[in-house]
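Peer 1: model this:
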Amino acid sequence: MTINTAVERFDEPLYLESGRILDSFELAYETYGELNEDKSNAIVVFHALTGSHHAAGRYEGDKKFGWWNPLIGDGKILDTTKYFVICVNVLGSCFGSSGPMSGENPLRLKFPVITISDMVASQMKLFERLGIEKAYAIIGGSMGGMQALCVAVEYPEFTDRVICVASTYATQAWAIAFNRLAMEGIVNDPRFKNGQYEKNDFNEQGLFGFAVGRMAGHISFLSPHSMDSKFGRNYVATDGLYELFGRFEVERYMQYNGHSFAKRFDPLSYLYIIKAMNIFDATRNYDSLEHSLHHIKSKLTLISFKEDKLFRPSEMEEIRDTLVNLGRGNEVDYVCIDSDYGHDAFLIEYDKFDFYIEKALK
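Peer 2: Residues are numbered from 1 along each chain as shown. Next comes the predicted model:
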């Protein structure tokens, strides 16, 4: 599999949904496989909240593969001997694209609020520059699914195949509430300094308030079933049961996950991205969900997971039901995967849903 990583700079204005303008911006992206002569074999993969453009393969010296490595590669579901797969780091992120802490003189809190539509608009400029006028398919999970649906509605000619996994048409109160916990933890930590921290301030210790907020958010990615299965009531062997701060294994896991994440993800980027997710509503610029989805011209494949507490199956079902009511039931496939894992099943239980992606691509 051929892997290429690059950063593209755009010295042109990006007009944002808020009315503000980015005079210039950069997008980091990664590609897998080769673009064919007529540039018709491109599959766009959109990443989730904490993901990046590194969706597959492994960099030299790294222990971990890209976040969707089991699905992308030679002979895999997204077969890079056949398709040219591209994943772009979203605007606002901290992995190479323009965001609140990017550049020599970071804008910090002066960076404009961005939306899912803004993320997509910036990526469409990249695809245009690469000569990709029409993608063979687009696919995304969680926030990536929001981007995929956004493309389907706002750029209906861009592809004939849209695959949304573990996502929604509008972020609901439950998810917004968890995001608020993270926001409160970040902005009220004294070391956050109202966004005036230095880039490397949290590399060694992380931001404590961010770690706590991440722990709360991580709970929403799992389910009671997956936590019971993974941890049960097991107690840390080196901790005393009657020590006040002795821990169950699930507590140790939450501590590790929260604090390690806070060392590698920029807190300002996190604030901007969860704001974009909170704002996301495919009906906002339309009269109704029916009016919004009426613009779609592609075939939709919707995949949800039974125990997903963050973006519940009923939210994906509403998209399907709306298209059915519009008389377009033959243009949407919906499946709810029998999974107890929770929201993160789209990053873990590949063998339960890869068949439906393969079917959609055919």
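
Peer 1: so which residues of this protein form helices?
Peer 2: Using DSSP state H, the helices of the chain run over 116-129, 143-154, 173-187, 208-221, 224-230, 249-264, 267-279, 289-293, 313-325, 345-348, 354-361.

Peer 1: now, of the ones you listed, which is deepest in the fold?
Peer 2: helix 143-154 (a mean of 26; mean count of other CB atoms under 10 Å). The way it works is simple: take the backbone N, C-alpha and C, and place the C-beta from them, glycine included.

Peer 1: helices and strands around that one, which ones?
Peer 2: strand 42-46, helix 116-129, strand 137-141, strand 161-165, helix 267-279 (3 or more CB pairs under 8 Å, 6 or more residues apart in numbering; DSSP states H and E).

Peer 1: orientation of that helix relative to strand 42-46 in degrees?
Peer 2: Per axes from the mean of the first three to the mean of the last three CA atoms, to 10 degrees, the angle that helix 143-154 makes with strand 42-46 is 120 degrees.

Peer 1: rewinding a little: tell me which of the helices and strands packed on helix 143-154 sits nearest to Asp11.
Peer 2: helix 116-129 (11.4 Å; CB to CB).

Peer 1: now the closest one and strand 42-46, what's the angle there?
Peer 2: Put simply, helix 116-129 runs at 150 degrees to strand 42-46, going by the same axes, to 10 degrees.

Peer 1: setting the sequence-adjacent residues aside, check what's closest to Gly131.
Peer 2: Distance criterion CB to CB, 6 or more residues apart in numbering; nearest residue to Gly131, sequence neighbours excluded, is Lys39 at 5.2 Å.

Peer 1: which of the helices and strands packed on helix 143-154 sits closest to Gly232?
Peer 2: Short answer: strand 137-141, nearest of the helices and strands packed on helix 143-154 by CB to CB, at 27.8 Å.

Peer 1: that closest one: how far from the chain's middle?
Peer 2: 11 Å (CA atoms, centre = their mean, to the nearest Å).

Peer 1: go on, stretch 77-93?
Peer 2: Centre-to-centre, stretch 77-93 and its host chain are 13 Å apart (CA atoms, centre = their mean).

Peer 1: just give the closest residue to Asn69, not the sequence neighbours.
Peer 2: Per CB to CB, 6+ apart, closest to Asn69 is Ala56, 4.7 Å.

Peer 1: give me the distance between that neighbour and Lys230.
Peer 2: According to CB to CB, to the nearest Å, Ala56 stands 25 Å off from Lys230.

Peer 1: what about the stretch 51-200 of the chain, any weak spots by pLDDT?
Peer 2: By pLDDT under 70, the stretch 51-200 of the chain has no low-scoring segment.

Peer 1: for Arg20, which non-adjacent residue is closest in space?
Peer 2: Pro112 (4.1 Å).

Peer 1: let me see the contact set for Ile274.
Peer 2: By CB atoms under 8 Å, 6 or more residues apart in numbering, the residues touching Ile274 are Leu49, Asn179, Ala182, Met183.

Peer 1: let's have the residues you listed in CSV, adding distance to Phe355.
Peer 2: Below are the contacts of Ile274 laid out as CSV (distance: CB to CB, whole Å):
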residue, distance to Phe355
Leu49, 26
Asn179, 32
Ala182, 34
Met183, 38
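
Peer 1: just curious, which of those residues is nearest to Ala28?
Peer 2: After measuring these against Ala28 - CB to CB - the closest member comes out as Leu49, at 16.3 Å.

Peer 1: and the gap between the nearest residue to the closest one once chain neighbours are set aside and Asp281?
Peer 2: In this structure, Leu49 finds its nearest non-sequential neighbour in Met143, 4.9 Å apart by CB to CB, 6+ apart. Remark: distance between Met143 and Asp281 (CB to CB) = 14 Å.

Peer 1: swap in Gly103?
Peer 2: 30 Å.

Peer 1: which residue of the protein lies farthest from its centroid?
Peer 2: Tyr242 (40.9 Å; CA atoms, centre = their mean).

Peer 1: contacts only, for the residue nearest to Leu49.
Peer 2: Counted by CB under 8 Å, 6+ apart, Met143 has contacts Phe46, His47, Ala48, Leu49, Val90, Ile116, Ser167, Ile273, Ala276, Met277.

Peer 1: which one of these is nearest Glu251?
Peer 2: Among the contacts of Met143, Leu49 lies closest to Glu251 (CB to CB), at 23.5 Å.

Peer 1: check contacts around that closest one.
Peer 2: Leu49 neighbours (CB under 8 Å, 6+ apart): Ser142, Met143, Ile273, Ile274, Met277.

Peer 1: so which of the residues you listed is the closest to Glu30?
Peer 2: Met143 (17.4 Å).

Peer 1: quick one: the closest one from Gly92, how far?
Peer 2: From Met143 to Gly92 the distance is 11 Å (CB to CB).
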